[in-house]
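Q: Sequence first, then the predicted structure, then my questions.
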Amino acid sequence: MVDDRNALRELGERLDGPLADEADNIVKAGLLSVRAEVYRLLGELGMAAAASRLALAHAESAQDLQSQVIAQAELAHVLRLRGDYMEADKLFQRAVEAEVAPAVRSVVHENAGRSCFDQGRHMEALDHFARAVRLGAQEDTDLVERIGVCLEAVYIHVLRDGWGPYPRRSPEILTPLNGKKQGT
């Protein structure tokens, strides 16, 4: 929940100048990711997805892996909120497999777990939550609290609905319904 929507919208608008002036694709990707987060918090998911896709394009253009993972995770988070789980899960999977800092992968696993939970994939969600905790910093009590809330929700839903399908492996997530691997 956002207390002051106007202040948040103003923050998003203040990014216009730096975005127009910036030539570095890594910095542009970061600014666009912030803009996507602003739109997401405002509930404007279409605009958030567009800003996230632009952030990802700039990160890919710069060939900066960490920027790509952050942009993938932000886009996946927005897609999850829109209910586009197939594309979100592919982006989350690519992001968790990337060789980036453990703290970054921890956040991606946490959000991938939330996506699995939303889909009733409780075993898979638990796996992501466990990885998020293992990769997170020991002193990150906020992470532990957030995961604790997620685990309580999983417990309640498992009692009511069961565990859901068995966890998917990476190839199953990354292979579209037509059976062809992405990029082929």
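A: Ah, there it is.

Q: how about the host helix or strand of Ala59: buried residues?
A: Assessed by DSSP states H and E, Ala59 sits inside helix 45-62. Counting neighbours by 16 or more other Cβ atoms under 10 Å, one finds that the buried residues in helix 45-62 are 45, 47-60, 62. Just so you know, the C-beta spots here come from the backbone N, C-alpha and C atoms, and that holds for glycine as well.

Q: Name the residues that touch that helix?
A: Contact with helix 45-62 is made by 24-26, 28-30, 32-33, 35-37, 39-40, 67-68, 70-72, 74-75, 78-79, 81-82, as judged by Cβ atoms under 8 Å, 6 or more residues apart in numbering.

Q: Show the subsequent helix or strand relative to the helix or strand bottoming out on mean pLDDT in the chain.
A: Lowest mean confidence among the helices and strands of the chain (mean pLDDT, DSSP states H and E): helix 16-21, at a mean of 82. Tracing the chain past helix 16-21, the next element assigned as helix or strand by DSSP H and E is helix 25-42.

Q: Give the residue spans of the chain that score low on pLDDT.
A: The model of the chain has pLDDT under 70 over residues 1, 176-184.

Q: starting at the chain centroid, how far to the following helix or strand past the helix holding Ala59?
A: Next along the chain after helix 45-62, taking DSSP H and E as the criterion, comes helix 65-82. Distance of helix 65-82 from the chain centroid (Cα atoms, centre = their mean, to the nearest Å) equals 4 Å.
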